[in-house]
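**Q** pasted the sequence and its predicted model underneath.
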Amino acid sequence: MSPNRTEQFQFLTVRLDQVIFAFDIKKVKELIDPVPITQVPRMPGYMLGAINLRGEVVPVMDLCLRFGIDQTAQSVDTSIAIVETGQGEETCWLGVRVDAVDQVLSLDNDLILAPPDMGLNIPKRFIRAVGQTKDEFIIILDIDRLLPE
């Protein structure tokens with residue numbers, strides 16, 4: 001392998017209130033259309049409840065509410081991304097409600113930058129990095145930090 005070879009990473013890009021975010025594609029199990037969500041008592045306000053995904057109970061989070069952004073109305077583009085969160089044997093599936101799914105994006109490792117110390121409207125602990133494309137920056141989320149510890 002050449003020492004100058006650039007490693008590529010793939011991300012699923014999604015939109016929340018016109019801002020582009022990205023999930024590591026290896027953490028995404030599937031995308032589903034919105035389904036009825038059962039409310040669960042005593043869940044944090046950003047948790048919408050739970051869904052039945054082929055016999056498994058999967059909690060569903062609204063990323064807008066998690067980040068303190070005004071919740072957007074559901075549209076024909078609204079989706080639920082089923083992602084794996086956690087580490088090692090402590091993993092679970094989580095449904096993440098997003099305004100729209102954009103694309104699968106490949107980025108060279110030199111286009112993945114450390115998040116800035118200021119200027120973002122969401123808590124830095126949720127951000128793994130910032131991806132740079134030809135036209136814009138994309139906030140790469142740390143899925144494992146979306147749920148409280």
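**A** That came in fine, so what should we check first? Numbers count the residues shown, from 1 in each chain.
**Q** and the helices in the chain, which stretches?
**A** Counting by DSSP state H, the segments of the chain that form helices are 63-66.
**Q** nearest residue to the most centrally placed residue in it other than its sequence neighbours?
**A** Closest to where the C-alpha atoms of the chain average out (Cα atoms, centre = their mean) is Phe23, at 4.8 Å. Distances taken as Cβ to Cβ, 6 or more residues apart in numbering place Leu12 nearest to Phe23, at 4.9 Å, with adjacent residues excluded. C-betas here are computed from N, CA, C, even on glycine.
**Q** identify the residues contacting that neighbour.
**A** Ala22, Phe23, Ile25, Val28, Ala81, Val101, Asp102, Gln103, Val104, Leu105 (Cβ atoms under 8 Å, 6 or more residues apart in numbering).
**Q** and the closest residue to Thr91 other than its chain neighbours, how close does it get to Thr13?
**A** Leaving out its chain neighbours, the residue that sits closest to Thr91 by Cβ to Cβ, 6+ apart is Glu84, at 5.5 Å. From Glu84 across to Thr13, the span is 18 Å (Cβ to Cβ, to the nearest Å).
**Q** looking at those two, which is more packed in?
**A** Between Glu84 and Thr13, Thr13 has the larger neighbour count (other Cβ atoms under 10 Å), namely 21 against 15.
**Q** give me the pLDDT for that one.
**A** pLDDT for Thr13: 96.
**Q** is it correct that it is in contact with Leu105?
**A** Yes. Look at Thr13 against Leu105 with Cβ atoms under 8 Å: they come within range, at 5.2 Å.
**Q** overlap in contacts, those two.
**A** With contacts taken as Cβ under 8 Å, 6+ apart, Thr13 and Leu105 have Ala22, Ile138 as neighbours in common.
**Q** next up, the contacts around Gly131.
**A** If you count contacts by Cβ under 8 Å, 6+ apart, Gly131 has them with Phe11, Ala22, Leu105, Leu107, Leu111, Ile112, Leu113, Phe137, Ile138, Ile139, Ile140.
**Q** got it, and Arg66?
**A** For Arg66, the contact set (Cβ under 8 Å, 6+ apart) comprises Tyr46, Phe126, Leu146.
**Q** what number of residues lie near the first one?
**A** Okay, so that is Tyr46. Here the count is done by other Cβ under 10 Å, and Tyr46 has 18 residues near it.
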